[in-house]
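K.L.:
With the sequence up front, the predicted model follows.
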Amino acid sequence: MTAAINRPPAVDRVLAWPLVQQLIADHGRALVLDGVRAALQLWRDGQISDEEALVHWLRQHLLATLAPSMRPVLNLTGTVLHTNLGRAPLPPEAVAAMNAVALGASNLEFDLVSGQRGDRDDHVEQWICRLTGAEAATVVNNNAAAVLLVLNALANRREVVVSRGELIEIGGSFRLPDIMARAGCKLREVGATNRTHPRDYSEAVGPRTALLLKAHTSNYRIDGFSTALDESQLAAIAREHSVPLAVDLGSGSLIDLQALGLPAEPVVAQVLAQGVDVVTFSGDKLLGGPQAGIIAGRADLIARIRKSPLKRALRCDKMTLAALEAVLRLYADPDTLVQRVPTLRLLTRSAESIQQTCAALLPDLQRWVGDGFAVDVCAVSSQIGSGSLPLDVLPSAALRLRSASGNRRERSRALRQLAERLRRLPQPVIGRIADDSLLLDCRCLEQPQVLLSALESDA
């Protein structure tokens, strides 16, 4: 490297430097050229003063530019199905299935027996029907899309009867009435927020009624003086008036969670068995698969839904369908299901097991944070998450980090800085700040070494 000079070198000269030539070989001329121009501007601004500093900045700039924006993180928030952190972790079988079809051509819409065009739903429909008892099924890219598609295909320009107590907001200000408006339906509210009776539905049904809709209120609960109709009651009213009944289950579950010691959630097969015509539910929540919206029910209604122009716009790609099929296959063996589906395995971890993980990590974490923080293990409550049973919690354990500062404001600042330091690790660690502490809930951390490796990278 030459000595520092006041005037920056020409672009062509910088590009000819051996170290820059190596960067061009590694990353391509276009990116390096843009980086060199940016570096020379910094030189003119006085932030870079010599050739060595320029090359160092250029190398770091290229690494930052080419680094993937979506990275694996350690979810120590205590929320298992965390919307912002990607929801359900996939089993290895699903990852392998995605990888297999991603690398080349596949029979996504090709019938290998007849040699004719196929239907992409064929890869998952038989499994959905087998596990739910539905006559037919189709899949779109998420459950909000599933609700939108059902409403548009079955009730466009007509009325949909819904209880006021079920006009839910899914999240991000995404509300059921808004979805209905976008689907071209007219909302017919019945009952009151806390009480809806059979006569409310019967009196609302008229010539323009296309559908009765029940939305599972998974993300809130009304206690006290309240009444709501169950699926069998609504199904009887729907049959009496010859209109279909659709139920949005939100998360949805293919198995009885209570048998696993978890809070109750509607089982898709049981809901359909009560006379419901169409159900919608997510693939990436309690089912434990990739993001998807599953529509299952009567064959004639599913056929109408498939013919909607929206179906093509909302359909899943080959990797989603491959992953979903792989996860559904795991449900064929109930005896191994909990251990093979990560979501179910994490939700059913015992507090004792989580506490052991915390205890194994405590000494190393204390050394990493230093004397400015005290670290101990405490009992906490985990959440299922993503609108699934938000009022029900699971006993868990966390590593609790508390600042040694005596000033409350300083403690708060120290905790925020520590949380930021953890997020800046090569594999970011995401916890939560609560009760004047930074909590690292270890429910979703099955291997302590994973966190230790992340901490060691910042040593």
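P.N.:
It's in.
K.L.:
which ones are touching L40?
P.N.:
Contact partners of L40, counting by Cβ atoms under 8 Å, 6 or more residues apart in numbering, are 8-9, 11, 14, 54. C-beta: built from backbone N, CA, C; applies to glycine.
K.L.:
With pLDDT and secondary structure added, can I get the residues you listed in a markdown table?
P.N.:
Converted to a markdown table, the contacts of L40 look like this (pLDDT from 0 to 100; DSSP: H, G, I helix; E, B strand; the rest coil):
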| residue | pLDDT | secondary structure |
| --- | --- | --- |
| P8 | 92 | coil |
| P9 | 94 | coil |
| V11 | 97 | helix |
| V14 | 97 | helix |
| L54 | 97 | helix |
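K.L.:
Can you say which of those residues are buried?
P.N.:
8-9, 14, 54 (16 or more other Cβ atoms under 10 Å).
K.L.:
which of those lies closest to G372?
P.N.:
Nearest to G372 among these, counting by Cβ to Cβ, is L54 at 36.8 Å.
K.L.:
wait, doesn't that closest one sit right on V14?
P.N.:
Yes: assessed by Cβ atoms under 8 Å, L54 is found in contact with V14 at 7.0 Å.
K.L.:
Please enumerate the shared neighbours of the two.
P.N.:
With contacts defined as Cβ under 8 Å, 6+ apart, the residues shared by L54 and V14 are 39-40.
K.L.:
In TSV, list the buried ones among the contacts of L40 along with distance to N407.
P.N.:
Conversion of the buried ones among the contacts of L40 to TSV gives the following (distance: Cβ to Cβ, whole Å):
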residue	distance to N407
P8	47
P9	51
V14	50
L54	43
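K.L.:
Now do the strands in the stretch 351-459 of the chain.
P.N.:
For the stretch 351-459 of the chain, strands defined by DSSP state E, counting those that start in this stretch occupy the ranges 373-385, 388-403, 429-430, 432-434, 437-441.
K.L.:
To V271, which of these lies closest?
P.N.:
Of all these, strand 388-403 comes closest under Cβ to Cβ, at 15.7 Å.
K.L.:
Mind giving me the packing neighbours of that closest one?
P.N.:
helix 351-369, strand 373-385, helix 408-423, strand 437-441 (3 or more Cβ pairs under 8 Å, 6 or more residues apart in numbering; DSSP states H and E).
K.L.:
List the contacts of the closest residue to T77 other than its chain neighbours.
P.N.:
Distances taken as Cβ to Cβ, 6 or more residues apart in numbering place R432 nearest to T77, at 5.0 Å, with adjacent residues excluded. When contacts are counted by Cβ under 8 Å, 6+ apart, R432 touches 77-78, 438-439, 441.
K.L.:
returning to that earlier point: any chance of a markdown table for the strands of the stretch 351-459 of the chain, columns distance to D300?
P.N.:
A markdown table is the format used below for these (distance: least, Cβ to Cβ, whole Å):
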| stretch | distance to D300 |
| --- | --- |
| strand 373-385 | 35 |
| strand 388-403 | 31 |
| strand 429-430 | 46 |
| strand 432-434 | 48 |
| strand 437-441 | 47 |
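K.L.:
Give me the phi and psi angles of the spatially most central residue of the chain.
P.N.:
Geometric centre of the chain, nearest residue: R87, 2.9 Å, by Cα atoms, centre = their mean. For R87, the backbone dihedrals (degrees, to the nearest 10) come out as phi 60, psi -130.
K.L.:
got a list of what it touches?
P.N.:
81, 284-285, 291, 385-386.
K.L.:
Farthest pair within those?
P.N.:
Once Cβ to Cβ is applied, the contacts of R87 give Q291 and G385 as the farthest pair, at 14.3 Å.
K.L.:
By mean pLDDT, point me to the weakest helix or strand of the protein.
P.N.:
strand 169-171 (a mean of 69; mean pLDDT, DSSP states H and E).
K.L.:
Next SSE downstream of that one?
P.N.:
Next in sequence after strand 169-171, counting helices and strands by DSSP states H and E, comes strand 174-175.
K.L.:
can you list contacts of that following strand?
P.N.:
144, 167-169.
K.L.:
biggest separation within these, which pair?
P.N.:
Spatial extent of the contacts of strand 174-175 (Cβ to Cβ) is set by the pair A144 and L167 at 14.7 Å.
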